[in-house]
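Engineer: Sequence and computational prediction follow.
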Amino acid sequence: MHLKRIRAPKFWKISRKERKWTIAPRPGPHKKFECIPLLIIVRDILHLAETGKEAKSIIKKGEILVDGKPRKDFAYPVGLFDVIAIPKIKSFYRVVPTSYGLDLLKIDEKESNLKICKIFNKTTVKKGKIQLNLNDGKNILADGEFKTGGSVLIELPSLKIVEYIPMEKNFIGIVVKGKRSGMMGKIKKLVKGKFGQPAKVICTIGNEEVEILEKYLFVVGKEKPLITVS
């Protein structure tokens, strides 16, 4: 459960030379270097504790909620668009992409029960129902038309689908990885993948027309994002 500090992502905001080791995120819904261990969020980013021992105590009491559920594992991996709620002090945050990795964005309480997830895959299960496989490991049974690549706005912690956002022309998307991470743009054209080439999206970001890998773009709304993501 330990990781050399020198190997930790810079967005963890931990000191590099103070100690040799830090907490490694436990295997879970997000990749090892695309998430932040809950203890580091409590101690190093939000400064709710001065030491790891104090941070563990807060977490074990169930005072930190991730996506609407108390998480008592100090190494729990918190990743893209996860919602962190601390009801005791009425503070709410969303993990968002930035040019330097991931960061916490403070949000209103009214948004703390909403999250946008990307549909990575969908499968047919018993009785012909459709199961949506989302980017954060969640699986939701759904009725209606849903396409891979689109996004769903879900209610936490019930996972009820509030709205479906298709990956289509003129919709708004946010880049979640790469040199334009954290930037938002309007979709102009979808380019299908072929002969081993990945699918891409042509977007207008500012006054520039750029090409983004489809897997790095999360569609978040039509005229504007349905929730605060930047």
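Structural biologist: Looks like it arrived, so ask away. Everything numeric in this text was worked out from a predicted model, so none of it was measured.
Engineer: Retrieve the pLDDT associated with Arg19.
Structural biologist: At Arg19, the model reports a pLDDT of 82.
Engineer: quick one: contacts for it?
Structural biologist: Taking C-beta atoms under 8 Å, 6 or more residues apart in numbering, we find Arg19 in contact with Arg5. No exception for glycine: its C-beta is placed from N, CA and C like everyone else's.
Engineer: mind checking the SS state of it?
Structural biologist: Classification of Arg19 using DSSP: H, G, I helix; E, B strand; the rest coil returns coil.
Engineer: how close does the residue of the chain positioned farthest from its centre sit to Asn139?
Structural biologist: The C-alpha centroid of the chain is most remote from Lys127, which lies 31.1 Å away (C-alpha atoms, centre = their mean). Using C-beta to C-beta, to the nearest Å, we find Lys127 at a distance of 16 Å from Asn139.
Engineer: Kindly report the same for Ile130.
Structural biologist: 11 Å.
Engineer: Same check on Arg43?
Structural biologist: Distance from Arg43 to Asn139, by C-beta to C-beta: 32 Å.
Engineer: Gly68 now?
Structural biologist: Following C-beta to C-beta, the distance that separates Gly68 from Asn139 is 16 Å.
Engineer: Would you mind telling me which of Arg43 and Asn139 has the busier surroundings?
Structural biologist: Arg43 (24 against 13; other C-beta atoms under 10 Å).
Engineer: so that one sits in a helix?
Structural biologist: Yes: looking at Arg43 with three-state DSSP, it is inside a helix.
Engineer: pLDDT value on it, please?
Structural biologist: 95.
Engineer: can you check Gly193 too?
Structural biologist: pLDDT, Gly193: 86.
Engineer: how much space between the closest residue to Lys88 other than its chain neighbours and Leu105?
Structural biologist: Distance criterion C-beta to C-beta, 6 or more residues apart in numbering; nearest residue to Lys88, sequence neighbours excluded, is Glu63 at 5.5 Å. The gap separating Glu63 from Leu105 is 20 Å, by C-beta to C-beta.
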